[in-house]
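> based on what follows, work out the 3D shape:
(chains A and B)
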Amino acid sequence: MLRLSNLSKYFGGVRAVDALELNVKTGEIFGLIGPNGSGKSTTVNLVCGIFGPTSGSIELDGVDLKRQAPHQRIDAGVSRTFQNIRLFDDLTVWQNLWVAWRDAPGQEHSWFSNWFGRSLSRRHEIQKLLEFSGLGDKSNNLAGNLAFGEQRRLELARAMASKPKLILLDEPAAGMSSAEVTDLRQRILTMKEMGITVLLIEHVMELVMNVSDRIGVLNFGTLIAEGLPEEIQNNPLVQKAYFGSSENTSGGDTNAIDQ
Amino acid sequence: MNIDHIDVIQALIDGILYGSTYALLGLGFTLIFGAMHKLNIAYAASSIAGAYVGLASISVMAIPPILVFFIGPLSAGAIGLVIYFACFRYMPTGNQLAPLMASIGALFFVDEIIIHETSGSPLSFPALLPDSYFFLGQFGIRGDLVMVMFFSFVLMGIVMFLLYRTKLGLATRATSQQSVAALLCGIPTHRTNATTFVLAGILGGFAGCLIAAAVGVLSPLITLPLTIKGLIVTVIGGLGSIRGAIIAGFLIGSFENIFLLVRGVNERDIYVFLLLFVFLVFRPNGLFGTAIDRD
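This next block holds a predicted model:
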């Protein structure tokens, strides 16, 4: 599905992403972890087109994304959320979803109806998204007035409004309580059931280890390990990247990796 | 000079009627500022230039004068697009000064073209409702100014509808609030900004035509005062505030006419400009200004 080959991004002399090889399969939840500054966010920004790569290729289902502008990659099927929430604060919850809305392939409305028509013809579908986000009763609230957890959920729903094939979640659990993380895990699994492939970047190990099908570990811009969650937990290279030594930290102590 | 309350109310009526054109100009300034978070100083000049193109077309093509109100705004929209590409689109986004200087340059460029083509002399402009003066009690009302206000309200209504009720408007507002997120929600932000410039240009072209129709002549001398008044309206309303710009437009129109009544036509603009400093000192965010932030 998503194939990054020999992907590099240099900022001056800093190699933020360095000859990265990554392959995310259709329908899976792929967790991408790594210490701060290991290139996770840069990777997401390269995939969605905020930066152009220094070299290498980005393919989605065999289509080269590199030549597409960021807003065209939405049509190609890539969508994302942000580490620091970026909602349209002065628009209502409903309008946040409507403005990001894309008609499903084959059901597109006319150009005129899309830009000047009302959202009523898609009301049923937008309502479903509202229910997914648990904000059904707040559709007329301004996004800026929502509570933190609600804003995170609205961002998830907004990312789904464009009917993506691949969603990039950039630290969706940052600042969440344990109960909210459990709730988020359920929503990510629902996305998977809907057939959406998920690339999850996260520091909260409780979430990554429990929800991911496979996990990749980045350090200094390259993939140092890839595998099932339990394999990653016991990988000495990973422990070295996080702790600076290969000392065994009794396997499943995920909270230690969390910090 | 003896001024009674009837004179004051009469001045206020005229001021509010005429102020609707300032409201339009302020709205245009605000739309552009909202989209780009940058001021387009050439905006009033391109609005007047649109009115000139309209005037030139009706005299060259010998078509009914009323069509000036269609050709003028459309031309101003086209000029707005040119200014977007010349002064904003390719300027580095982090550099606030570059587009500002470029648009000041565009203001004088457009102004000089008008002066060159008209030899600097004023041209008469078709009125909306000639010789329609009526009385409402003790107060005289100019029918053409009522028309000016009517059309201003219709235009404001259309703009508000577009901004708040259509996806096009929501996309514009989303771009202004979070441009990166808007881009990654599939909104083509450059195209949205270009659309805003065209829309604001059309609005300004209407304002230019309405002002010229109210005054009766079109002269290159009005571009600079209009630029300043448009900016004052925008600042007093609160940079980026749409309803602020509309209310401030009427406010400036009223104050202008009160100053005209009290101090005469030669001193009028001095006090209007003074009003800007009063606001900048005591209420720098304007009437409805919000703290401006954007990453």
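
> for the rest of this, base every contact and every neighbour count on C-alpha atoms.
Fine.

> tally of neighbours for residue 112?
Since you didn't name a chain, this refers to chain A. The number of residues packed near A:F112 is 9, by other C-alpha atoms under 10 Å in any protein chain shown.

> please go with chain B instead
If you count neighbours by other C-alpha under 10 Å, B:E112 ends up with 15.

> can you list the low-confidence ranges for the chain?
Because you didn't say which chain, this covers chain A. Residues of chain A that meet the criterion pLDDT under 70 lie in A:118-119, A:244-259.

> the chain in question should be chain B.
B:1, B:290-295.

> who touches whichever residue of it sits closest to chain A in this structure?
Minimum separation of chain B from chain A (C-alpha to the nearest C-alpha) falls at B:G186, amounting to 4.0 Å. By C-alpha atoms under 8 Å, 6 or more residues apart in numbering or on different chains, the residues touching B:G186 are A:P70, A:H71, A:Q72, A:R73, A:I74, A:D75, A:A100, A:S162.

> can I assume the second one is in contact with B:I187?
Yes: using C-alpha atoms under 8 Å, A:H71 is in contact with B:I187, at 5.9 Å.

> which residues are in contact with stretch B:268-277?
Applying C-alpha under 8 Å, 6+ apart, the set of residues contacting stretch B:268-277 is B:K229, B:I232, B:V235, B:I236, B:I252, B:F255, B:E256, B:N257, B:F259, B:L260.

> just flag the most distant two among the residues you listed.
Using C-alpha to C-alpha, these reach their maximum pairwise distance at B:V235 and B:L260, which is 21.8 Å.

> where along the chain do the helices fall?
Chain wasn't specified; assuming chain A. Here chain A has its helices, by DSSP state H, at A:40-48, A:70-76, A:93-99, A:111-116, A:123-133, A:148-160, A:178-193, A:205-211, A:229-233, A:236-243, A:254-258.

> hmm, no, I was thinking of chain B.
With DSSP H as the criterion, chain B has helices spanning B:5-36, B:43-61, B:68-83, B:97-118, B:143-165, B:167-177, B:179-183, B:189-215, B:223-237, B:242-263, B:268-282.

> looking at these, spot the one closest to A:I215.
Of the helices of chain B, nearest to A:I215 by C-alpha to C-alpha is helix B:179-183, at 26.7 Å.

> now do that closest one: which elements does it pack against?
The contact analysis (3 or more C-alpha pairs under 8 Å, 6 or more residues apart in numbering or on different chains; DSSP states H and E) places helix B:179-183 against helix B:167-177, helix B:189-215.

> can you lay out the ones you listed as JSON lines showing mean neighbour count and distance to B:A11?
Shown next, in JSON lines, are those (neighbours: other C-alpha atoms under 10 Å in any protein chain shown; distance: least, C-alpha to C-alpha, whole Å):
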{"stretch": "helix B:167-177", "mean neighbour count": "25", "distance to B:A11": "36"}
{"stretch": "helix B:189-215", "mean neighbour count": "26", "distance to B:A11": "15"}
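
> need those helices in CSV (columns: distance to B:P73).
Shown next, in CSV, are the helices and strands packed on helix B:179-183 (distance: least, C-alpha to C-alpha, whole Å):
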stretch, distance to B:P73
helix B:167-177, 20
helix B:189-215, 4
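
> out of those, which is closest to A:L2?
Closest to A:L2 of these, according to C-alpha to C-alpha: helix B:189-215, at 25.6 Å.

> what's that closest one packed up against?
Helix B:189-215 packs on helix B:5-36, helix B:43-61, helix B:68-83, helix B:143-165, helix B:167-177, helix B:179-183, going by 3+ C-alpha pairs under 8 Å, 6+ apart.

> go again with 7 Å.
helix B:5-36, helix B:43-61, helix B:68-83, helix B:143-165 (3 or more C-alpha pairs under 7 Å, 6 or more residues apart in numbering or on different chains; DSSP states H and E).

> can you put those helices in JSON lines and add mean neighbour count?
Supplementary listing: these in JSON lines, determined by neighbours: other C-alpha atoms under 10 Å in any protein chain shown:
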{"stretch": "helix B:5-36", "mean neighbour count": "25"}
{"stretch": "helix B:43-61", "mean neighbour count": "24"}
{"stretch": "helix B:68-83", "mean neighbour count": "24"}
{"stretch": "helix B:143-165", "mean neighbour count": "18"}
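
> out of the ones you listed, which comes closest to B:N266?
Ranking the helices and strands packed on helix B:189-215 by their distance to B:N266 (criterion: C-alpha to C-alpha) puts helix B:5-36 first, at 16.4 Å.

> nearest residue to the residue in chain A that chain B sits nearest to in space, please, no chain neighbours.
Closest contact between chain A and chain B, by C-alpha to the nearest C-alpha, is at A:H71 (4.0 Å). The shortest distance from A:H71 to any non-neighbouring residue, by C-alpha to C-alpha, 6 or more residues apart in numbering or on different chains, is to B:G186 (4.0 Å).

> distance of the one you found from A:W101?
The gap separating B:G186 from A:W101 is 9 Å, by C-alpha to C-alpha, to the nearest Å.

> again, but for B:V217
Distance from B:V217 to A:W101, by C-alpha to C-alpha: 48 Å.

> higher neighbour count, these two?
Higher neighbour count among B:V217 and A:W101: A:W101, with 24 against 16, using other C-alpha under 10 Å.

> now do the phi/psi pair for the more buried one.
phi -70, psi 140 (degrees, to the nearest 10).

> thought it was touching A:A161?
Yes: using C-alpha atoms under 7 Å, A:W101 is in contact with A:A161, at 4.8 Å.

> what residues does chain B have near chain A?
Chain B comes close to chain A at residues B:166-168, B:170-171, B:174, B:177-178, B:181, B:183-188, as judged by C-alpha under 7 Å from any C-alpha of the partner chain.

> what about B:G105, neighbour count?
The number of residues packed near B:G105 is 15, by other C-alpha under 10 Å.

> and A:F148, by the same measure?
Neighbour tally, A:F148, other C-alpha under 10 Å: 13.

> wait, B:G50 touches B:G72, no?
Yes: at 4.6 Å, B:G50 counts as touching B:G72 under the criterion of C-alpha under 7 Å.

> anything in contact with each of these two?
Listed as contacting both B:G50 and B:G72 by C-alpha atoms under 7 Å, 6 or more residues apart in numbering or on different chains are B:G205.

> contacts only, for the residue of chain A closest to chain B.
B:L183, B:L184, B:C185, B:G186, B:I187, B:P188.

> ok, B:I232 next?
Counting by C-alpha under 7 Å, 6+ apart, B:I232 makes contact with B:L276.
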